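Asks: Have a look at this fold, sequence not included:
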């Protein structure tokens, strides 16, 4: 089988496409023929050695996929060869075959295509944990989503609307904002052309957003936090802008606000039953048409470096997938 291999920490262009032996499942494991693998910003950081978790070298990057069960290890129950499944692993998704613990797999809902199935685990899992669990967003409240046209941003918009909240989307171009509008955003802010604080003041009649969903960091975090409502919650998702902001603590004091960290991967590992319940809730919302994952582009396995470079350059709208 073919797989992308990271032999040393570096830019995506240093990745290699290699021919490897077919995978063999161990006890409790399953081998899946990958039909699509989701691309995420943490993948960019992981191959550079900049992510919170550093897998041992060499390794195949990618951690979410959808495909068809190829082989079962000893003791596996509840899944059979030929089943269509959604999987999440630490590494190994950017390949024609992936190895995963049987317990980490979910059956694909009837009628769902592989591209969509590969695009929901991390982005929607992250956004559900952030908005519902950590942010405690309630119907009637207002949420600001920074970097709103990205995969996690669009997921956050849709989840916020499913909960009955008002959603303000901030992004870097009119084209991206139109995608946000199509996914349910109530208010649009182009923060490359508008003053973010003034726009938020106008959009909330001076009250500010109750929840700030922030996967961007950099220059946008502080003006957003300065605009937060009394008892607001600022959710720290990631730092797509590159810089980790240094926020003045007095801002939290003055508004009785909270800055709340969100690390979905660790949550899924520590609290698997809560994560599974969240996924079930979201699959129900998808069946109702409340969540509509956007897969904007497909890349061949040999184009993985380009997919990661596009992700790093923030050229991606919604999700993109690798199709081995």
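Replies: Arrived safely. It should be emphasised that the depicted structure is a prediction, and the values quoted were computed from it without experimental measurement.
Asks: wouldn't residue 126 be in contact with residue 237 here?
Replies: Yes. Residue 126 is in contact with residue 237 according to C-beta atoms under 8 Å; the separation is 6.6 Å. For every residue, glycine as well, the C-beta is placed using N, CA and C.
Asks: shared neighbours, these two?
Replies: Shared contacts of residue 126 and residue 237, defined by C-beta atoms under 8 Å, 6 or more residues apart in numbering, comprise 152, 262.
Asks: got the residue ranges for the strands in the stretch 1-150 of the chain?
Replies: Taking DSSP state E, counting those that start in this stretch, the strands of the stretch 1-150 of the chain run over residues 2-5, 16-19, 29-38, 64-72, 84-88, 97-101, 106-107, 142-146.
Asks: So which of the ones you listed is the most surrounded?
Replies: Compared across those, strand 142-146 shows the largest average neighbour count, a mean of 29 (mean count of other C-beta atoms under 10 Å).
Asks: what packs against it?
Replies: Strand 142-146 is packed against helix 151-162, strand 166-171, strand 211-214, helix 221-226, with contacts defined by 3 or more C-beta pairs under 8 Å, 6 or more residues apart in numbering; DSSP states H and E.
Asks: how does it look with 6 Å?
Replies: helix 151-162, strand 166-171, strand 211-214 (3 or more C-beta pairs under 6 Å, 6 or more residues apart in numbering; DSSP states H and E).
Asks: residue ranges with poor pLDDT in the stretch 51-200 of the chain?
Replies: Low-confidence segments of the stretch 51-200 of the chain, defined by pLDDT under 70, are absent.
Asks: Packed most tightly, which of the helices and strands packed on strand 142-146 would that be?
Replies: Using mean count of other C-beta under 10 Å, strand 211-214 ranks as the most buried of the helices and strands packed on strand 142-146, with a mean of 30.
Asks: Output the contacting helices and strands for it.
Replies: Helices and strands in packing contact with strand 211-214 are listed as strand 142-146, strand 233-236; criterion 3+ C-beta pairs under 6 Å, 6+ apart.
Asks: of the strands of the stretch 1-150 of the chain, which approaches residue 53 most closely?
Replies: Of all those, strand 84-88 sits nearest to residue 53, with 13.5 Å by C-beta to C-beta.
Asks: How about residues contacting that closest one?
Replies: 32, 64-66, 68, 100, 104-106, 108, 117, 121 (C-beta atoms under 6 Å, 6 or more residues apart in numbering).
Asks: list the contacts for residue 39?
Replies: By C-beta under 6 Å, 6+ apart, residue 39 lies in contact with 307, 311, 320.
Asks: do the same with residue 109
Replies: residue 283.
Asks: Now with 8 Å, please.
Replies: Applying C-beta under 8 Å, 6+ apart, we find residue 109 in contact with 283, 286-287.
Asks: measure it to residue 59 for me?
Replies: 30 Å (C-beta to C-beta, to the nearest Å).
Asks: again with residue 92
Replies: From residue 92 to residue 59 the distance is 8 Å (C-beta to C-beta).
Asks: what does residue 107 give?
Replies: Distance, residue 107 to residue 59, using C-beta to C-beta: 27 Å.
Asks: Check residue 272 too.
Replies: Residue 272 is 23 Å from residue 59, by C-beta to C-beta.
Asks: for residue 151, same thing?
Replies: 23 Å.
Asks: Indicate which one of the strands of the stretch 1-150 of the chain is closest to residue 46.
Replies: Nearest of the strands of the stretch 1-150 of the chain (C-beta to C-beta): strand 2-5, 11.9 Å.
Asks: Could you list every helix and strand that that closest one packs against?
Replies: Strand 2-5 packs on strand 16-19, going by 3+ C-beta pairs under 8 Å, 6+ apart.
Asks: Centre of the chain to the strand it packs on, how far?
Replies: In terms of C-alpha atoms, centre = their mean, to the nearest Å, the gap separating the centre of strand 16-19 from the centre of its chain is 26 Å.
Asks: quick one: strands adjacent to that strand?
Replies: Partners of strand 16-19 in the sheet, by DSSP bridges, are strand 2-5 (antiparallel).
Asks: Just the residues contacting the strand it pairs with, thanks.
Replies: For strand 2-5, using C-beta under 8 Å, 6+ apart, the contacting residues are 15-20, 58-62, 92, 94-97, 301, 304, 324.
Asks: let's see it at 7 Å
Replies: Residues from elsewhere that reach strand 2-5 (C-beta atoms under 7 Å, 6 or more residues apart in numbering): 15-20, 58, 60-61, 94-96, 301, 304, 324.
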